[in-house]
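> Sequence plus predicted model, see below.
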Amino acid sequence: MDAPEPSPRYEPLPRWGHAAVTLGDKLFLWGGRTEEFTDYDKQQLAQFVEVFDVAMETWDQKTSTGMPPPGLYNNAYTILGDALYVYGGWDGQSASNSLHTLDLVTLNWKELTPSNPADAPMKMSGCGMVAYGKNQLVLFGGFGLPSSENGKIQPGSMFFRRNSISGEKGWTNELKVFNIEEGAWSSPKTTGTCPPPCVDFTFTLVDDHQAVVFGGYQPRTGIVSDTYILNMETWHWQKLENLDGTSPEARDGHTACLIEGRPHPQLLVSGGWGSNDKAIGDAWILDVNSGTWRKLALPQEVSPRFWHSAEAIRYSLRLRQLVMFGGCPGTPESGGAAWPKLANTVMLELGKVSVFSTSPPEGGFDDEGAAEEWAVMDMVEGAQFGLPMRRLRERIFLAEYRAAKAEELARDALRKCQVNSFQASPTPTPSLSEREVFTPVSKEEEKPFWVVSREEVEFTLEEVGKGRWGIVRVATYRGTRVAARCLYSQITSEDNRKIFMECMDMSAKLRHPNLLPFVGAIVEGEPIILTELMATNLKSVLEKDSLLQYQVLAIGIDVTRALNFLHTTQPEPIAHGELTSSSVLLEQGRGARWKAKLSDFMTAKFFDTLMASDSPTDIDFINPMSPTRTAVSMIGKRSSRVSVSPDSEIPSPSLKSKRKVSITAEPLDADTLSPKRDVCGYAILLVEMCTRTSPLDISLAYLIESIKWPGVEIVTLIKNCLEPDPERRPDMKEVLRKMIEFDAVVYAAKT
């Protein structure tokens, strides 16, 4: 019996001029113009939102609710938070000046009606829009017609009519700002060199206050390749001059997206319609800080196109996925709406690689060593979806480490060249593929029950956190969503492998309601630890809002219970060692109370055991994230950690006097990774919960003095936990008793 034919994958209608934004690892696509553009097509384009799941490589059509925008293509659009904002656009016969927002979680449309319609922009399309701050939308340029409600032209701006006839459509370089909270349009006064009236350019946010305008059509000049930067703090325009002569050809109808943010913003421009009346198939990267362009080599399979979309999704520090969809491939067949339309989806994997040479550049090498460039690593298109991408997702967990290691090796090589006056070549270092990596468990060796096969885990691209020892992403294990932590490490010795296995074995045996449940670990290749997936962490909650007293106590009590359980474990206590707001994971409890679970309790023990070892540590540490609480300095085979700044001045309960508390660096040997160190870390965690401020950002004494809890002696508890002599600090059992007392006092005051 023949196998059934596989069901075809869903693909959106071919289109151009659509809106596309990314949220997490999903691409949201709306609107556009189809081949026929019938009334039925218009209804479909307005009602449905196309969602591309990059992790699963599949399209899905979702039905939206509410009132969508009347203009279906060539809109100005941007994303702010979890919402898509769309302005203007054409419906086939006329333009619009309405502003709509789509909640990308509920897929509900809502029109934003301004309180001052006379100051609104004109009805137009081909304009650009970016989000600025938390509640502002900045609109620039476009082609259209002033409405009867809005006949004003912004002072200082230009409106170039297509003909001299009054009421004729034309091009503008107006700059308008919409305040979402106030629901009002305003016209800021700009300085500098403003772009002339233009259309079909790109307007892209490159950091928290700057946006770049590139290309487009200017009525007096034609299609251009000009680049302008708008500073939205000062509303100052600057035109970037092409000093080295290397830049993209003039184009409009292209796309631009940010592939790297601060401190070195990188803008990728692709495709477009050239001044030679042909579609363009290249891509360029603009280094915003230096104003220089570099051409990005693309696979030959990437066809020329314009009026398409191309959005970058961030995998990790040095990996991006560029998703291209739709557009027009060439010249119209008979004018009007007869442009051929594309429906293929192209995914380009972009990787950041180190580029260096043994010969010194002019002026010598800089302090940072080798230069870095973005390059296309792989391409997947259409029918290839689902075939090579599983291996790609697994490589993502390894690529950041490999890229960082390659950069480190490159910089070492360059510095050797400098030391030797560039006369001797550096000794080649074996590649990662040539090195012995974490030895997998042999078939003869009985695997512990918690060992997970890599084939059983389906990794996604959704990143939920970074810690001192690794990046945490969402994965699926046997049908359940879990958190997968890929460690920043390559373990190469059998001794260290044994330590890792022992720590994971202990994690599998520890069970407590306030400890993050351990699911298992992958021990083949780089180690990956699987745990329960929680909703959020304490650090993220504090970044958004303050905690009420009863919330601080609820979280604090849960953490205390977890630490007390670890500290009373037999035959020997377990110290956490890395207590930070990032390691406290949260889920919603009853009412507005949070339920906390403590993570990383064995991961820190594993790495601290390696660093404190008297034997050579055969492990590579690649850690782009500085730990929240501690500063670690490696000295030979030992290290030391400073938990709090030495000689921190902490006020005593009496306001008449202050006592000097000196918290000094302690050697990081096995006996100093102790429960008493956790008590000190717990006090700092309480300070952060009470003040929403890390003690590393401001004086610890100032923070403690700012805590005012009438009737609750939490400040006294914090100071006792910060005693310089570890023996004078209370144990977690005593801390738990005090926290429960505080909770009872606060509860009584509420009722």
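Everything's here; your move.
> Which secondary structure element of this protein has the lowest mean pLDDT?
None of the helices or strands of the chain scores lower by mean pLDDT, DSSP states H and E than strand 631-635, at a mean of 25.
> what are the ranges of the helices in the stretch 151-300 of the chain?
For the stretch 151-300 of the chain, applying DSSP state H, counting those that start in this stretch gives no helices.
> same thing with the stretch 651-751 of the chain?
Along the stretch 651-751 of the chain, the segments classed as helices by DSSP H, counting those that start in this stretch run 675-691, 700-706, 714-721, 732-750.
> quick one: the longest one to helix 714-721, angle?
Read that as helix 732-750. 170 degrees (axes from the mean of the first three to the mean of the last three Cα atoms, to 10 degrees).
> List the contacts of helix 732-750.
Contacting residues not belonging to helix 732-750 are listed as 549-550, 553-554, 556-557, 560-561, 563-564, 567-568, 675, 678-679, 682, 711-714, 717, 721, 730 [Cβ atoms under 8 Å, 6 or more residues apart in numbering]. Heads up, the C-betas are built off the backbone N, CA and C, glycines and all.
> please redo it, this time with the cut-off set to 10 Å
548-550, 552-554, 556-568, 573, 675-676, 678-679, 682-683, 686, 709-714, 716-717, 720-721, 729-730 (Cβ atoms under 10 Å, 6 or more residues apart in numbering).
> If we go by neighbour counts, what in stretch 259-271 is buried?
By neighbour count on 16 or more other Cβ atoms under 10 Å, the buried set for stretch 259-271 is Ile259, Glu260, Pro265, Gln266, Leu267, Leu268, Val269, Ser270, Gly271.
> Report the distance from it to the chain centre.
Its chain's C-alpha centre and that of stretch 259-271 lie 14 Å apart, by Cα atoms, centre = their mean, to the nearest Å.
> Under the pLDDT cut-off, which ranges of the stretch 51-200 of the chain? List them.
Scanning the stretch 51-200 of the chain for pLDDT under 70 picks out 147-156, 163-167.
> can you pull out the strands in it?
Counting by DSSP state E, counting those that start in this stretch, one finds strands in the stretch 51-200 of the chain at the ranges 58-63, 65-66, 76-80, 83-87, 99-103, 108-111, 123-125, 128-132, 136-145, 159-161, 170-179, 184-186, 191-192.
> right, so of those strands, which gets closest to Met379?
Met379 lies closest to strand 58-63 among the strands of the stretch 51-200 of the chain, at 17.9 Å (Cβ to Cβ).
> Can you pull out the residues in contact with the closest one?
By Cβ under 10 Å, 6+ apart, strand 58-63 touches 9-13, 26-29, 44, 47-53, 104, 107, 325, 343, 345, 385-386.
> of the contacts of helix 732-750, buried ones?
With burial judged by 16+ other Cβ under 10 Å, the buried subset of those is 549-550, 552-554, 556-567, 675-676, 678-679, 682-683, 686, 712, 714, 717, 720-721, 729-730.
> Leaving out the residues flanking it, which one is nearest to the spatially most central residue of the chain?
Nearest residue to the geometric centre of the chain (Cα atoms, centre = their mean): Arg314, 6.3 Å. Setting aside the residues directly before and after it, Arg314 is nearest to Arg320 in space (Cβ to Cβ, 6 or more residues apart in numbering), at 5.9 Å.
> Paired strands for the helix or strand containing that neighbour, with orientation please.
Using DSSP states H and E, Arg320 falls within strand 319-325. Partner strands and pairing direction for strand 319-325 (DSSP bridges) are strand 309-316 (antiparallel), strand 345-355 (antiparallel).
> avg pLDDT for stretch 308-325?
Taken as a whole, stretch 308-325 carries a mean pLDDT of 87.
> Equivalent analysis for stretch 11-18, please.
Mean predicted confidence for stretch 11-18 is 90.
> Can you give the distance of that stretch from its chain's centre?
Centre-to-centre, stretch 11-18 and its host chain are 27 Å apart (Cα atoms, centre = their mean).
> Buried ones in that stretch, by neighbour count?
Pro12, Leu13, Pro14, Arg15, Trp16, Gly17, His18.
> Tell me the spacing between the third one and Thr34.
Going from Pro14 to Thr34 by Cβ to Cβ, to the nearest Å gives 7 Å.
> okay, and the common contacts of these two?
By the contact definition Cβ under 10 Å, 6+ apart, Pro14 and Thr34 are jointly contacted by Gly326, Lys341, Ala343.
> Kindly reformat those residues as JSON lines and extend each row with distance to Gly71.
Listed next are the shared contacts of Pro14 and Thr34 as JSON lines, based on distance: Cβ to Cβ, whole Å:
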{"residue": "Gly326", "distance to Gly71": "17"}
{"residue": "Lys341", "distance to Gly71": "18"}
{"residue": "Ala343", "distance to Gly71": "22"}
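> before we move on, the earlier item: and the strands paired with strand 319-325: which comes nearest Ala596?
Across the strands paired with strand 319-325 (criterion: Cβ to Cβ), the nearest stretch is strand 309-316, sitting at 27.7 Å.
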